[in-house]
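Enquirer: sequence and predicted structure are below.
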Amino acid sequence: MKTKNTFQAIILAVVLVITTSCNSNVNKETTTTTEVETTTEVKDPLPSWAEGKTKESIKSYVTDVTTEGSSNFIPVADRIATFDNDGTLWSEQPAYFQLFFAISRIKDLAPEHPEWKNKQPYKAVLENDMKSLMASGEKGLIEIVMTTHAGMTAEAFEKVVKDWFTKDTHPRFKKPFNTLIFQPMLELLDYLRANDFKTYIVSGGGVEFMRPWVEEAYGIPKEQVVGSSIKTEFVMENGKAQIKRLPAIDFIDDKAGKPVGINKFIGKKPVFTAGNSDGDLQMMQYGDSNKYPSFQLYVHHTDAEREWAYDRESHIGQFNKGLDYATENGWTIIDMKKDWKVIYPFQLNETKN
């Protein structure tokens, strides 16, 4: 957190004692002594966060920059918060969820393409050979994404994405992928919005893959999503205006692309940034350069039992340079195992005795 003066203003209770009067044998007005007690209950905005330094640093920052009269006050118009998605708002192991979607699409489309049985990287997908698929590298993965994401209208693609969430489940948890969102981060998003922050997703994931479901999952409107994209074109089909998706990359919203995307689509530097990997470092450095006090929050995956534990050597969400930089610069790092009471919303009932 980058701030000089921190204010914590929490009112626990307000007690008011009203009037007293006396009785008399003479003809005087009699008043009954009354005591009125009013209690204002303060609700914890982050109930799934364990008490400690991480939780308090978030609350202290928000209180400080939203309190009028504070030297660190940030006008509402400049309260911009940007969040990575994969590994920050939902899980990303054992592979990015958008890749699972692409794999599912290849299998759905395979009957129309018998040649895929002997052609990589499609052969690897159809044989569930993840090792060979990963060995195809960036070129192979991009080919998979292009094949499964292009060639249809934006509306048709949105329907395909929504349908996928209803039929496919995560290989470990056996639950729909869109239930593997982080409960503590949902609370943080709500807390920031309650304090007039505007929340955005800035992710390396496909923007049109995220837009169909982010509002229901996170309360973030689809127009507040910045992501990677493929090229599109305007067409008239049967007298109807359409946006058609093309098999070509338009923009990669990752690493140095994230601040470029923020500048292009949001137009303001964020004061609050959250990520989980080296791919988010430049976005967070960009936020750290704000003229206003800023807050950088990294999610460190340390809970192998409830989620996953990984960082420096991971092939997904590698957290190496970012971990060093965050430590050296005093950014806040979430220890998932220690700082979060629960990981997923469906675990809430499991914690109640």
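Expert: Right, received. Where do you want to start? Just so it is clear, the structure is predicted and the values come from calculations on it, not from any experiment.

Enquirer: show me where the stretch 1-150 of the chain has strands.
Expert: 14-16, 36-38, 80-83 (DSSP state E, counting those that start in this stretch).

Enquirer: so how many other residues sit close to the closest residue to residue 198 other than its chain neighbours?
Expert: Distances taken as C-beta to C-beta, 6 or more residues apart in numbering put residue 80 closest to residue 198, at 5.7 Å, once the chain neighbours are dropped. Glycine gets a C-beta too; all of them are placed from N, C-alpha and C. Using other C-beta atoms under 10 Å, the number of residues around residue 80 comes to 22.

Enquirer: residues in contact with residue 80?
Expert: Residues counted as contacts of residue 80 (C-beta atoms under 8 Å, 6 or more residues apart in numbering) are 197-198, 200, 266, 268-272.

Enquirer: any buried residues in stretch 131-138, and which?
Expert: 133, 136 (16 or more other C-beta atoms under 10 Å).

Enquirer: only C-alpha atoms, please: export it in CSV.
Expert: Provided in CSV are the C-alpha atoms of stretch 131-138 (Å, rounded to 0.1, in the frame of the first residue of the first chain):
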residue,chain,number,x,y,z
LYS,A,131,1.3,-33.8,-22.7
SER,A,132,1.4,-33.7,-26.5
LEU,A,133,-1.0,-30.8,-26.5
MET,A,134,1.3,-28.7,-24.3
ALA,A,135,4.3,-29.8,-26.3
SER,A,136,2.6,-28.1,-29.3
GLY,A,137,3.5,-24.9,-27.6
GLU,A,138,2.0,-21.5,-28.1
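
Enquirer: pLDDT weak spots in this protein?
Expert: Within the chain, the segments meeting pLDDT under 70 span 1-41, 350-353.

Enquirer: make it 50
Expert: Residues of the chain meeting the criterion pLDDT under 50: 2-38, 353.

Enquirer: quick check: domain ranges of it?
Expert: 53-92+182-351, 97-167 (automatic domain parsing).

Enquirer: and those as a markdown table, adding distance to residue 44?
Expert: Converted to a markdown table, those look like this (distance: least, C-beta to C-beta, whole Å):
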| stretch | distance to residue 44 |
| --- | --- |
| domain 53-92+182-351 | 9 |
| domain 97-167 | 30 |
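
Enquirer: tell me which of those domains sits most buried.
Expert: domain 53-92+182-351 (a mean of 18; mean count of other C-beta atoms under 10 Å).

Enquirer: mind checking how far that domain is from the chain centre?
Expert: 5 Å (C-alpha atoms, centre = their mean, to the nearest Å).

Enquirer: which stretches of this structure form helices?
Expert: Under the criterion DSSP state H, helices of the chain are mapped to 53-66, 97-109, 122-126, 130-135, 137-149, 154-167, 183-194, 207-210, 214-218, 257-265, 281-288, 321-328, 336-339, 348-351.

Enquirer: related to what we said a few turns ago, nearest to residue 116, of the contacts of residue 80?
Expert: Checking these against residue 116 with C-beta to C-beta, the nearest one is residue 200 at 37.4 Å.

Enquirer: now that closest one: how far from residue 218?
Expert: Counting by C-beta to C-beta, to the nearest Å, the separation of residue 200 from residue 218 is 10 Å.

Enquirer: and stretch 139-154, how far out from the chain middle?
Expert: 24 Å.

Enquirer: grab the nearest non-local neighbour of residue 143.
Expert: Leaving aside its chain neighbours, residue 143 sits nearest to residue 121 (6.2 Å; criterion: C-beta to C-beta, 6+ apart).

Enquirer: for the one you found, what are its contacts?
Expert: Residue 121 makes contact with 132-133, 136, 140-141, 143-144 under the criterion C-beta under 8 Å, 6+ apart.

Enquirer: 7 Å - rerun?
Expert: By C-beta atoms under 7 Å, 6 or more residues apart in numbering, residue 121 lies in contact with 133, 136, 140, 143-144.

Enquirer: what's the farthest-apart pair in those?
Expert: The distance between the two most remote of the contacts of residue 121 (C-beta to C-beta) is 10.7 Å, for 133 and 143.

Enquirer: now the most centrally placed residue in the chain, nearest residue through space, not along the chain?
Expert: What sits nearest the mean C-alpha location of the chain, by C-alpha atoms, centre = their mean, is residue 89, with 3.3 Å. Take residue 89 and drop its neighbours on the chain: the residue closest to it by C-beta to C-beta, 6+ apart is residue 185, 5.2 Å away.

Enquirer: ok, now residue 171?
Expert: Spatial nearest neighbour of residue 171, chain neighbours left out: residue 94 (7.2 Å); criterion: C-beta to C-beta, 6+ apart.
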